[in-house]
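K.L.:
how would this look folded up:
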Amino acid sequence: MAESAEHDVTAESPQRPQDGPDHPPHGAAAQDAPRPERAEAAAPRSLATDMRGLFVRERQVVSRLSALLVQRARRDFGLRVIALLLAIGLWAFVNAGQRGALVTLRVPVGYRLLPAGMVIVNQHPDFVQIEVRGPRTLLSLLDPDRLMLRLDLAGVGVGQAVFKIGPDMFNVPRQTDVTRVSPSEIVLDIDRIAERQSPIHLNLRGKPAAGYRITSVKAIPSEVTLRGPSRYLAQIDRVQSAPVDLTDAKSDVMQMVDLRAPREGVKIEGPTTIEALVAIGAVIANREFHGLTVGVRDTDHKVKVDPQRVSVTVRGPLNQLSKLDLHGAVYVSADGAQPGAHRLAVQVALPDGIELVRASPENVKVLIYRARRATSG
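P.N.:
Predicted coordinates for the structure are as follows:
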């Protein structure tokens with residue numbers, strides 16, 4: 001009976017579980033198995049332990065991430081500095097471009113639709129100066145030629161026309177405005193275009209050679225047509241030619257010369273080159289000779305002349321007169337005269353180009369003797 005009971009106990013004993021994490025050794029399980037009250041007390045301590053472990057692991061992860069970030073920050077510090085400087089520069093450029101600035105421009109002026117037959121006679125500006133305010137980026141794009149000021153002259157008449165120049169006359173971009181215009185007005189003096197004939201005056205330069213002079217001057221054609229503002233034409237009495245050189249001339253001078261416009265704004269209609277004819281002649285003068293001995297020609301008789309010396313005045317080219325010698329050239333002719341007393345006219349033998357003006361006295365007393373002159377050999 002005893003053996004049978006023991007066998008029964010052995011047979012009913014549960015099978016020993018295998019050792020493992022969820023199954024501690026049997027002996028230890030039996031030994032460490034808590035009582036129900038102790039198991040309930042151990043549960044909070046296990047949760048706190050797990051929380052502490054989790055917190056420790058999180059701190060470790062954060063510490064590792066911080067170390068990694070610091071390492072990368074040190075490694076990329078130079079790039080970050082460059083990026084920061086670029087950002088600051090871009091901000092400064094954009095900010096400066098949006099600030100207000102001033103720029104001065106020279107804007108061309110155009111004058112259009114001037115009525116036919118009219119002309120502007122006064123000095124008028126080709127440019128006006130303006131100041132424009134606005135962002136620098138917009139001001140840098142302004143083109144003065146595109147802001148050209150165009151003045152409409154349709155309907156203007158003879159006299160002054162005044163145009164006020166204001167900022168609103170310039171088409172500038174938005175966010176910019178014209179703050180100053182100089183000049184603030186333009187005054188135009190308008191006149192009517194007219195035509196008139198004007199004589200030509202030859203402009204002579206230099207002097208002919210000594211003993212020569214200008215005897216006549218002629219321009220071909222003698223007048224020319226001028227075109228320009230009527231008030232200018234009323235003040236012009238002749239048109240000058242380019243210089244005609246007469247230096248040391250001894251004969252006639254013929255040259256083709258240009259005409260000069262009498263003033264700005266007046267034009268010469270037709271050819272502006274003419275023919276200049278200047279006649280050059282010897283200077284004609286008188287010269288007196290005194291104490292010239294009177295000779296008797298055309299007789300072989302002895303003679304006596306009273307007075308024996310006379311004065312004569314001759315006329316001719318100055319160059320010839322300066323070299324003229326009349327000694328032996330004054331005489332009276334006794335051709336056909338018989339012995340006795342005679343009054344004979346004084347004569348002078350002169351070269352070609354020289355003429356006698358007068359002799360003083362004009363007649364002399366000549367006494368012709370019967371005796372004849374001795375003849376040589």
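K.L.:
Is residue 217 bridged to anything, and to what?
P.N.:
residue 278 (DSSP bridges).
K.L.:
how much space is there between it and residue 321?
P.N.:
Distance of residue 217 to residue 321, computed by C-beta to C-beta, to the nearest Å: 26 Å. C-beta: built from backbone N, CA, C; applies to glycine.
K.L.:
who has more neighbours, these two?
P.N.:
Higher neighbour count among residue 217 and residue 321: residue 321, with 19 against 15, using other C-beta atoms under 10 Å.
K.L.:
OK, contacts around the more buried one?
P.N.:
Taking C-beta atoms under 8 Å, 6 or more residues apart in numbering, we find residue 321 in contact with 285, 287, 314, 354.
K.L.:
now residue 169
P.N.:
residue 149.
K.L.:
Quick check on it: phi, psi?
P.N.:
phi -90, psi 0 (degrees, to the nearest 10).
K.L.:
repeat for residue 307
P.N.:
Dihedral angles (degrees, to the nearest 10) for residue 307: phi -80, psi 160.
K.L.:
Need the pLDDT of it.
P.N.:
Looking at residue 307, its pLDDT is 96.
K.L.:
just the one 10 residues further on next, same as before
P.N.:
Among the per-residue scores, residue 317 shows a pLDDT of 94.
K.L.:
pretty sure residue 333 is touching residue 342, no?
P.N.:
No: Residue 333 sits out of contact with residue 342 when judged by C-beta atoms under 8 Å, with a separation of 10.5 Å.
K.L.:
where along the stretch 151-300 of the chain do the helices fall?
P.N.:
230-233 (DSSP state H, counting those that start in this stretch).
K.L.:
Which neighbours in the sheet does the top strand by length along the chain have, and how are they oriented?
P.N.:
If you go by DSSP state E, the chain has its longest strand at strand 185-205. With DSSP bridges as the test, strand 185-205 is paired with strand 118-120 (antiparallel), strand 159-164 (antiparallel), strand 223-229 (antiparallel), strand 239-245 (parallel).
K.L.:
looking at those strands, which is closest to residue 135?
P.N.:
Of all those, strand 159-164 sits nearest to residue 135, with 28.6 Å by C-beta to C-beta.
K.L.:
tell me the secondary structure for residue 85?
P.N.:
With DSSP: H, G, I helix; E, B strand; the rest coil as the basis, residue 85 sits in helix.
K.L.:
Let me fix that, I meant to ask about residue 352.
P.N.:
Per three-state DSSP, residue 352 ends up coil.
K.L.:
neighbours of it, just the number please.
P.N.:
Around residue 352 there are 7 other residues, counting by other C-beta under 10 Å.
K.L.:
Verify the assumption that residue 110 is located in a strand.
P.N.:
Yes: counting by three-state DSSP, residue 110 is found in a strand.
K.L.:
where does the residue most central in space within the chain fall, phi/psi-wise?
P.N.:
In the chain, the residue lying closest to the centroid (C-alpha atoms, centre = their mean) is residue 126, at 12.1 Å. Listed backbone geometry of residue 126 is phi -90, psi -10, with angles given as degrees, to the nearest 10.
K.L.:
what residues are up against it?
P.N.:
When contacts are counted by C-beta under 8 Å, 6+ apart, residue 126 touches 108, 109.
K.L.:
From residue 132, how far off is it?
P.N.:
To residue 132, residue 126 is 20 Å away according to C-beta to C-beta.
K.L.:
about what we covered before: which one of the strands paired with strand 185-205 lies nearest to residue 202?
P.N.:
Nearest to residue 202, of all the strands paired with strand 185-205, is strand 239-245, at 5.1 Å by C-beta to C-beta.
K.L.:
From the rest of the structure, what touches the closest one?
P.N.:
198-206, 219, 224, 226, 253, 255, 257-260, 262, 268, 274, 276, 278.
K.L.:
Show me how to select, in ChimeraX, the buried members of the residues you listed.
P.N.:
The buried residues among those can be selected in ChimeraX (16 or more other C-beta atoms under 10 Å) with this line:
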select :198,200,202,204,219,224,226,253,255,257,259,262,268,274,276,278
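K.L.:
Can you redo the strands paired with strand 185-205 as TSV, where the extra columns are distance to residue 211 and mean pLDDT?
P.N.:
What follows is those, written out as TSV (distance: least, C-beta to C-beta, whole Å; pLDDT from 0 to 100):
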stretch	distance to residue 211	mean pLDDT
strand 118-120	52	95
strand 159-164	58	96
strand 223-229	34	96
strand 239-245	19	96
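K.L.:
Residue 66: which of those is closest?
P.N.:
Here strand 159-164 is closest among the strands paired with strand 185-205 (C-beta to C-beta), at 74.4 Å.
K.L.:
Give the buried residues for the closest one.
P.N.:
Under the neighbour-count criterion of 16+ other C-beta under 10 Å, strand 159-164 has 161, 163 buried.
K.L.:
Give me the residues contacting it.
P.N.:
For strand 159-164, using C-beta under 8 Å, 6+ apart, the contacting residues are 151, 153, 184, 185, 186, 187, 188, 189, 190.
K.L.:
and with 6 Å instead?
P.N.:
Applying C-beta atoms under 6 Å, 6 or more residues apart in numbering, the external contacts of strand 159-164 come out as 151, 185, 186, 187, 188, 189, 190.
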